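Asks: After the sequence you'll find the predicted model.
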Amino acid sequence: MTEYAAVARGVTKTFGRTLALDDVSIEIRAGESHALVGRNGAGKSTLVSILTGMQTPDAGEVSFFGEPAPPVADSSAWRRHVACVYQKSTVVPELSVAENLFINRQDLGGGLISWKKLRLQASELLETYDVAVNPESLVSTLTVEQRQLVEIARALSIGSRFVILDEPTAQLDGPAIERLFDRMRSLQDKGVTFLFISHHLQEVYEVCQTVTVYRDARHIVTAPVAEMSKPDLIEAMTGEAGGLNVPSGDDRPSSPEEVLTVSALSGDHFSDISLSARKGEVIGLAGSASSGKHEFAETVYGLRKPSAGTISVNGSVVRGGDVPAALKAGIGCVPRDRHHQGLVLDLSIAENATMSTAGAFVWPSAQRSAGSTAIASYDVKAAGPDQPVSDLSGGNQQKVVMARALAGDPSVLVLINPTAGVDVKSKESLLGVVDAQARRGKAAIVVSDELDDLRVCDRVLVLFHGQVVREFARGWRDQELISAIEGFAEEMDTAE
Amino acid sequence: GGGAAGTGASGIGPIGADHPRADSDFWNSYIKYFPDKAKELGINLLNPTNSQNKVENLVANAQSLQSLGAKAIVMAPQDTGAIASTLDRLDKAGIPVVTVDTRPDKGKTYMVVRADNKAYGEKACKFLGDKLGGKGKVIEFQGALSSVNGRDRSEAFAACMKQNYPGITVFEEPTDWDGAKASAALQTRLNQHPDINGIYMQAGGVFLAPTLQVLKQKNLLVPPSDPKHVFIVSNDGIPSELEAIRKGEIDATVSQPADLYAQWALFYAKAAVEGKTFQPGPTDHDSTIVDVGGGRLEDQLPAPLITKENVDDKAFWGNQI
Amino acid sequence: MTKAMSPPVAAPAPEKQKLRLARYQDLALVPVIILLLIIGAILSPIFLTPNNLIAVLTQQSELSLLVLGQAMILIVGKMDLSLESTVGLAPALAVALIIPSSAGGLDVGFAAWLALPLCLLIGVAIGGLNGFLILKVGLSGFMVTLGMLTLLRGLQLAITEGKSLIDVPESFLYLGSTTWLGLPAAVWICVVCYAAGIFVLKYLRAGRSLYAIGGNSEAARAAGIRVDRVVWTVLIIGSVLAVIAGILMTGRLGSVAATQGEGMIFQVFAAAVIGGISLQGGKGTLFGALSGVLMLGLVEQILRLQGVSGFYIKASYGAVIILALIVTRFATGQKQE
Amino acid sequence: MTKAMSPPVAAPAPEKQKLRLARYQDLALVPVIILLLIIGAILSPIFLTPNNLIAVLTQQSELSLLVLGQAMILIVGKMDLSLESTVGLAPALAVALIIPSSAGGLDVGFAAWLALPLCLLIGVAIGGLNGFLILKVGLSGFMVTLGMLTLLRGLQLAITEGKSLIDVPESFLYLGSTTWLGLPAAVWICVVCYAAGIFVLKYLRAGRSLYAIGGNSEAARAAGIRVDRVVWTVLIIGSVLAVIAGILMTGRLGSVAATQGEGMIFQVFAAAVIGGISLQGGKGTLFGALSGVLMLGLVEQILRLQGVSGFYIKASYGAVIILALIVTRFATGQKQE
Ligand SMILES: Nc1ncnc2c1ncn2[C@@H]1O[C@H](COP(=O)(O)OP(=O)(O)OP(=O)(O)O)[C@@H](O)[C@H]1O
Ligand SMILES: Nc1ncnc2c1ncn2[C@@H]1O[C@H](COP(=O)(O)OP(=O)(O)OP(=O)(O)O)[C@@H](O)[C@H]1O
Ligand SMILES: O[C@H]1[C@H](O)[C@H](O)OC[C@H]1O
Ligand SMILES: [Mg+2]
Ligand SMILES: [Mg+2]
């Protein structure tokens, strides 16, 4: 007889007229790490909210270790059964780490809060889980990784043996992901059960034993990870045969003509970087979160002011720190975070797509037809060009950002995390767009933590502490790139 | 008439009226007299509006009274400057206006029904000056300076003090006819100058309660025989002022005739509708019509000073309610 | 396992419906306005007379200009509470610079024809200062303009010593008191301002950028919109519209009242939000804002013609605001923030 | 290859510095207050007399209670503009339920001792209604309370027909006019309320939950905090504090003025924000808010004692608000929202 850490049966949930979950089930065996995968909007996060008592299902039931779930009102009972690191961060940024760890139980059961005792307990807790942060720091000053570790430590400290992680790796860089996995494995050894959600399928193979696939609000399959090949998994997710088919672009024609020239550029968190991109060339930029790669890319696009150096496109110098000038010079950009910088959620697809290129007059009909074109060319799943982008799923939103970047037919593309949080299928089509643009003679810079994104590049530059430390030509091995990103570049060189 | 029912469906009119405010007992009394006097005069009165101390309200109210077909309008603009173009408009529309209590700074009026407000300031000054023997410190709660009343009372008080009682220091406190402002000012001044021994409040209807409350807290509400007594002169003559005089809490007030204001304002409005005209000179009701410039007429009604000596006189309207 | 792909979850029907609703949200108040006209006509025979309707429009003209300014400022994601004080200060200062001290002026003695241009200039200066403090110094817009609300009214009191200024040059009174083609000039001015505003916000890139900035200013910046410049311009335009409202009010009252504009800011917000402008920025149309103004004006006029005492009008007004919010909330089906 | 992993990014040094600053941010205004006391003492010999200081405290007592309520409401991430009308309506309604119609009452004839409990109950009802409209109906807090600001003031006008109520039962005047141990009762009440508030917000879980909710309400909900219940309670407490302020004001002025509290909300926000309460929620302390109140009170008193005319005080007040914002902005080094 197997014991189940959590079981959901016949769960249905609708939001207005959207069916988010349609009679789905999941059984999570105690002690395993169970992966839940599916395309954007498949209903994963909705299931999480039901498993954690944040939402009540319209139908169906949930149980933990054989016991039926507590009533929704009894939130402390829920917290004993299940802990969760949500997709959206659930820390209070302006409170200290210590207080966040013990939020809503700061009194430690004693009635009055003793801040000294709280600090001590927080230090102990952080030590137990090996999290190196000062309990007195405000959470707003932490890095994404540190913040997530605080959330995990908090989840575990409540004493539940079942932990849900909803896309925990989406915002972490490679080494941080590795550290997270190490931690998961050691906790699993101590008997903790995980439900793990990610769009990075290789991670499923790395840490999970069982995988469940949802598609369009329905349960498709549950199987041991060992029995599912990657193509099978992708087929289950998308309903279409065939694995991930990211173009590698090694047959792209090359040209000697230089489009983008960056010389001795310095700015926030990087210094003295020079590079040039030729027509049809795709250059990848890799590096850890603190490597300065984002800042460099944002400087090229004019979102940040350089402190020294020049950027020129087709031979003419572009005024630094001036987005309109960059646009005019022919630089297009997919910014780092689509929610933050990429889209105006309340505006329509058409309006977002044409935002950088509109003339002084905006003709609604022309705008709409530009929107329709964008929908067609980037394969956006939408009701029409007038639909607000807030209605779209993450992947489709990302395609609109891409459409905006390409709307002015720029000769240089700066793409930062172009496929972040996007499901496999959408990723494939977005990378296909990059390849196609390069074939049309554009130059592109792709800044990403995802190896798949970098595979489309002709060469990859690795940044470390604000400087280019290595360059890889096409055909690099994952391991050597990762080592370089982690800062072992020189050693590797001497070793080789 | 357009739906708004007033007093007397038949009779002269309809006549419209706007009351300036209701948060002063002086005006409440005036408002209470109004319908009765209209009935006595056989006037068909539209439901009076109330502009709550705001000139914008008065302008809008005048407009709707006009829409409702008023043949004449009685009003008491508290901002006597900002009413000018409304008067022009009403004049162009052929609607005569009687203002009561205040005289507009500009613009045409059929008649102004008022009392000599400069005399209020002077009476207050003389009374305080004598009681204090020409020495001491006096705090003055000035009305809004956007009103001719506030200005008349303030200027006359200042001029008289300067001329007759140079030994008296006067603290002028602008209050906008707002009791809370007077209260805060009094509190501070009393701390700064605990020897303040006189108060001139330009409107008892507004300042009486807050003033008495502060004095009570400071244990200064003592009879005139006590050396700590603060001598207080007020304007308005509402019943609670008379009561306070009887109790020795305040010492004098100018009885501004709320009853006569209502009566004569309506009288002139009716006369205007009937097309009568008036000349400067004494009237049959113990007052004088004065030409205040440019042919504008003002019927200046008597406003006697009330002190402990005459406070029980039944003739004061404040004793009749 | 190769099941046929199940159909996309959300049925297309409701989506389209939502779309259609969104597009016509600007018109949401039109039926309400028609209803109010009918009610007014039933209750009072004079309601639908041109005179009465013109009176409503005239009375709302100043408010409507303030709402126009505030609506644009809200759409671009800021707010300006100081507009109500600008309504008083700008005319007061401009007039005071012209008239002698005997009439309450400052004895500077500028020529009378300078009154209007001076007044507009003061508006530019106030909006510019607000913009500087918010954008360059980095202060909270709500708080800066709250401080300015107090400061500007205080300046007016300081300049005029609490008096209303009655010696206003004729040229300054003209706009607020004259009639063009049978309609008060004030009404024409509003119509022109709104028409221009609606056109700009709908058909010009500069106008559309207000929505982008208000919706997500970072995204707007990344899309190449000069965010600070646009916001600054909008703040200045808002102040200038407040100044125009002040000029009209001065003309209507024949003088600059010491309290000119006081308390209006509440109505401004009420009208704008009832008209569908979001306090969160990026949403709403000027047409909607205008209908909010008209709706409140009609309600007030009906109450007034019904002879409802002024003391009840304020309460009814408040009740109408809350009622309108509730109706909007259920009509759009969205929680408000 | 097995080099030590690079340490987690943020260097500890600047973190600590920021921490220290943050901890003492509540005390930011203390030096300013001391400075003001010194300036006051230099300018006026009576400034440091107990009488004068007590006067400042007494005059600020009503404002301080409103600020206390508003500060908590802001910390929990909402705002309540209607507090200023509650200051007037609650006492007016309570008194009107007791006194006869000849004195401006409603002729209901409740016993005089009921005035205080009735008044508090009215406060609970108003806060409860606001909470219902915001939390259950889902309306925008700013707009609901803006509507209520108008509605409640309107109700007061409707009930009293615009009159100030003078026939107030003695028991009702007591708190606002009596003295305990040499200090006005109003001051004691404020001290007690603030002490309680500071204690609760620092040492009780319930109090800390205000910060959690204001900082990130989703996170608070996920941590099992009953967000709606807490917000609702805070709104009710805020209204009750406004009612207490109204009772004190009634006692101080000896009557319920028709305009009691009007315009105060601007000062309330100014004091709270100058005192470090964030309009975004989740930040600030009640001690800070209190020092904001005191600072404004001292500035006003200095101006008044200097014999600065009332007409200039308002302008100075506005200037001080903006100055204080600028100072805060550069002291914290953060842009405000
Ligand atoms: N609060 C909500 N209101 C309305 N619709 C919702 C809500 N939450 C989720 N949905 C809808 O439910 C569906 C499932 O959403 P869910 O967030 O569970 O997807 P997901 O599988 O987590 O996607 P992703 O991989 O992008 O995180 C979506 O179509 C979404 O539109
Ligand atoms: N509270 C909500 N109300 C209405 N719709 C919602 C809500 N939350 C999510 N949605 C809708 O759900 C859909 C997908 O939401 P979801 O959060 O799953 O996006 P996503 O695909 O996960 O994006 P990302 O990958 O960036 O996280 C979108 O259509 C979004 O509009
Ligand atoms: O004009 C004033 C009136 O005469 C009375 O004194 O009350 C205050 C003012 O309304
Ligand atoms: Mg997602
Ligand atoms: Mg999700």
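Replies: Perfect, thanks for sending it. Ligands and ions are numbered 1, 2, ... in the order given.

Asks: Show the low-confidence segments of the chain, by residue range.
Replies: Using chain A. When residues are selected by pLDDT under 70, those of chain A lie in A:1, A:242-244, A:488-496.

Asks: wrong chain, I was asking about chain C
Replies: Ranges of chain C meeting pLDDT under 70: C:1-25, C:333, C:337.

Asks: Going along the chain, name the helices of it.
Replies: C:12-23, C:29-43, C:50-75, C:83-96, C:115-131, C:141-160, C:170-177, C:185-203, C:205-215, C:217-222, C:227-253, C:264-274, C:286-305, C:310-332 (DSSP state H).

Asks: With the stretch 201-321 of chain B instead?
Replies: B:204-217, B:239-247, B:258-273 (DSSP state H, counting those that start in this stretch).

Asks: Select, out of the helices of chain C, the one closest to ligand 5.
Replies: Closest approach to ligand 5 among the helices of chain C is made by helix C:12-23 (20.3 Å; C-beta to the ion). C-beta here means a position set from N, CA and C on the backbone, and glycine is covered the same way.

Asks: Distance-wise, check the residue nearest to C:Gln59 when sequence neighbours are not counted relative to C:Thr86.
Replies: Excluding the flanking residues, the one nearest C:Gln59 by C-beta to C-beta, 6 or more residues apart in numbering or on different chains is B:Ala60, at 5.7 Å. From B:Ala60 over to C:Thr86 the distance is 21 Å, taken as C-beta to C-beta, to the nearest Å.

Asks: So between these two, which is more surrounded?
Replies: C:Thr86 (32 against 23; other C-beta atoms under 10 Å in any protein chain shown).

Asks: Would you mind listing the residues in contact with the more buried one?
Replies: Contact partners of C:Thr86, counting by C-beta atoms under 8 Å, 6 or more residues apart in numbering or on different chains, are C:123, C:126, C:152, C:239, C:242-243, C:246, C:261.

Asks: tally of neighbours for the residue in the stretch 1-150 of chain B that ligand 2 sits nearest to?
Replies: In the stretch 1-150 of chain B, the residue that lies nearest ligand 2 is B:Glu56 (43.1 Å; C-beta to the nearest ligand atom). Residues within reach of B:Glu56, counting by other C-beta under 10 Å, total 22.

Asks: try A:Leu112
Replies: 12.

Asks: Just give me the residue closest to the centre of the chain.
Replies: Picking chain A for this. Nearest to the mean C-alpha position of chain A, by C-alpha atoms, centre = their mean, lies A:Ala170 at 3.2 Å.

Asks: Hmm, no, I was thinking of chain C.
Replies: C:Val67 (1.0 Å).

Asks: And what about A:Ala236, helix, strand or coil?
Replies: helix (DSSP: H, G, I helix; E, B strand; the rest coil).

Asks: Who are the contact partners of it?
Replies: For A:Ala236, counting by C-beta under 8 Å, 6+ apart, the contacting residues are A:213, A:215, A:220-221, A:228, C:1.

Asks: of those, closest to C:Val168?
Replies: A:Arg215 (73.7 Å; C-beta to C-beta).

Asks: Pretty sure that closest one sits against A:Gly239.
Replies: Yes - the criterion here is C-beta atoms under 8 Å, and A:Arg215 meets it with A:Gly239 at 6.1 Å.

Asks: Can you get me a residue count around A:Phe315?
Replies: For residue A:315 the amino acid is Gly, not Phe. A:Gly315: 8 neighbours (other C-beta under 10 Å).

Asks: Just list the residues touching it, thanks.
Replies: Per C-beta under 8 Å, 6+ apart, neighbours of A:Gly315: A:Thr261.

Asks: just C:Tyr317 next, same as before
Replies: Here C:Tyr317 is in contact with C:296, C:299-300, D:150-151, D:154 (criterion: C-beta under 8 Å, 6+ apart).
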